[in-house]
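S.K.: Sequence and computational prediction follow.
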Amino acid sequence: MREREQQVSVMPNSRTFESVAGQIHFLEYGDNRLPPLLLLHGHTDCAWSWHHISTALSESHFVIVPDLRGHGDSDWSPPYSDQFLAADVLNLMDHCGFEVTSVVAHSLGSHAASFAAGCFPDRVERLALVEGFGPPRKAGAVDGEQWRQQTAQFIEIARTVPAQRSFPSIDAVLERFRKLYPNLDAATASLIVENSVRHTESGVEWKWDPQTRDWITTADPDRFEEAWEGIQCPTLAILGRDSYNRFWSKLMPPGNGYFGMDLSPVSEEIASPRVRRFRDCELEIIDDCGHMIHYEQPQKLLDVLTRFL
């Protein structure tokens, strides 16, 4: 592990290191003499997606925010399984000199964080999972017929839905982004978009490898929950009250496979079976938002994280 030199940064420093399957890019915020904190983004996002949250949390923590492999400015290096993402997270901790750290993770990043914290519980001090339970599912095991129904749905998605959407300009991306997330101030929205897209022959695209969609079909919800049982640190599960309506129902409609529950609005009763899989887990449900809590209700999320950390 390298020694941590004392330094203070206002805007993030951009860094890279070599992990098991290529180069990982990450951002550093704040004074490295403060307690360390990792922020992990979700699928199709990147490190800059957390910028407004990272900046605020850097007043009390030394914040490290990686681009997960296949996202942002990290190498596009399959495989993209939860285990390899967790390996990158642990390697990043070693690179930064963190024996132990707190972690805030959203969606796909929560999978990596859960595997790291569940299998290496001495490395994580506090854990906040933002919409980190994965797709909603019925209780109990998934039988063969349910699995075939769900897999058929994913095959249809792969056949008909373009992996990437191209835009004619950055302005077009920003216009759509601001329409989706009006609670983000204009400067923050612009900064996120400008650092999260790339120019291609087809136009402007978000910086993520289309092959990262494999996590949807290869993820095993039973393994998530077994990982949660190994987590020993205090954990906070943060859910959006309307995440089923605004996000999951569009990807996995009711009646299909084990994503067959109408979970709108999300409630304590619905979430409690998963919360009970943790040793020490609190639940916070944020109103008037869906899956993308860091964009839809950034101040509410920041308030919750500040109290927990």
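M.R.: Received the coordinates, thanks.
S.K.: So which residue of the chain lies furthest out from the middle?
M.R.: Within the chain, the residue lying farthest from the chain centre (Cα atoms, centre = their mean) is residue 145, at 29.9 Å.
S.K.: Let's verify it: helix, strand, or coil?
M.R.: Counting by DSSP: H, G, I helix; E, B strand; the rest coil, the backbone at residue 145 sits in helix.
S.K.: Might you report the residue contacts of it?
M.R.: By Cβ atoms under 8 Å, 6 or more residues apart in numbering, the contact set of residue 145 is empty. Bear in mind the C-beta positions are built from the backbone N, C-alpha and C, glycine included.
S.K.: ok, so what distance separates it from residue 152?
M.R.: The gap separating residue 145 from residue 152 is 11 Å, by Cβ to Cβ, to the nearest Å.
S.K.: same deal with residue 294?
M.R.: For residue 294, the distance to residue 152 equals 32 Å [Cβ to Cβ].
S.K.: ok, the two, which is more surrounded?
M.R.: Legend: neighbour count by other Cβ atoms under 10 Å for residue 294 and residue 152, higher for residue 294 (29 against 12).
S.K.: which residues does the more buried one contact?
M.R.: 49, 50, 52, 53, 106, 130, 301 are the contacts of residue 294 under Cβ under 8 Å, 6+ apart.
S.K.: wait, which of those is closest to residue 204?
M.R.: residue 49 (16.7 Å; Cβ to Cβ).
S.K.: Just give me the neighbour total for the closest one.
M.R.: Residues within reach of residue 49, counting by other Cβ under 10 Å, total 25.
S.K.: what does residue 69 give?
M.R.: Residues near residue 69, counting by other Cβ under 10 Å: 27.
S.K.: Would you state the strands of the stretch 1-150 of the chain in chain order?
M.R.: Along the stretch 1-150 of the chain, counting by DSSP state E, counting those that start in this stretch, strands occupy 13-19, 22-29, 36-40, 62-66, 101-106, 124-130.
S.K.: mean confidence score for the first one?
M.R.: Throughout strand 13-19, pLDDT has a mean value of 96.
S.K.: That strand: which residues count as buried?
M.R.: Neighbour-count burial for strand 13-19 flags 16, 17, 19 (criterion: 16 or more other Cβ atoms under 10 Å).
S.K.: Can you tell me which of the residues you listed is nearest residue 205?
M.R.: For these, the nearest to residue 205 is residue 16 (21.7 Å; Cβ to Cβ).
S.K.: Kindly state the beta-bridge partners for that closest one.
M.R.: With DSSP bridges as the criterion, residue 16 is bridged to residue 25.
S.K.: for it, what are its contacts?
M.R.: Residue 16 neighbours (Cβ under 8 Å, 6+ apart): 23, 24, 25, 26, 73.
S.K.: pretty sure residue 303 is in a helix, no?
M.R.: Yes - checked against three-state DSSP, residue 303 lies within a helix.
S.K.: how far away is it from residue 69?
M.R.: The gap separating residue 303 from residue 69 is 31 Å, by Cβ to Cβ.
S.K.: Can you redo the contacts of residue 294 as a markdown table, where the extra columns are pLDDT?
M.R.: Listed next are those as a markdown table, based on pLDDT from 0 to 100:
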| residue | pLDDT |
| --- | --- |
| 49 | 98 |
| 50 | 98 |
| 52 | 96 |
| 53 | 97 |
| 106 | 98 |
| 130 | 98 |
| 301 | 98 |
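S.K.: Apply the buried test to these and list what passes.
M.R.: Buried by 16+ other Cβ under 10 Å: 49, 50, 52, 53, 106, 130, 301, out of the contacts of residue 294.
S.K.: Dump the residues you listed to CSV, plus distance to residue 290.
M.R.: Shown next, in CSV, are the buried ones among the contacts of residue 294 (distance: Cβ to Cβ, whole Å):
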residue, distance to residue 290
49, 15
50, 18
52, 18
53, 17
106, 12
130, 12
301, 12
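S.K.: Closest to residue 280 out of the buried residues of strand 13-19?
M.R.: Residue 280 lies nearest to residue 19 out of the buried residues of strand 13-19, by Cβ to Cβ, at 29.8 Å.
S.K.: from memory the closest one sits against residue 91, does it?
M.R.: Yes - counting by Cβ atoms under 8 Å, residue 19 sits close enough to residue 91 to count as a contact (4.6 Å).
S.K.: so where do the helices sit in the protein?
M.R.: Using DSSP state H, the helices of the chain run over residues 51-57, 82-96, 108-119, 144-160, 170-180, 186-196, 214-218, 221-229, 243, 249-251, 268-275, 293-296, 298-308.
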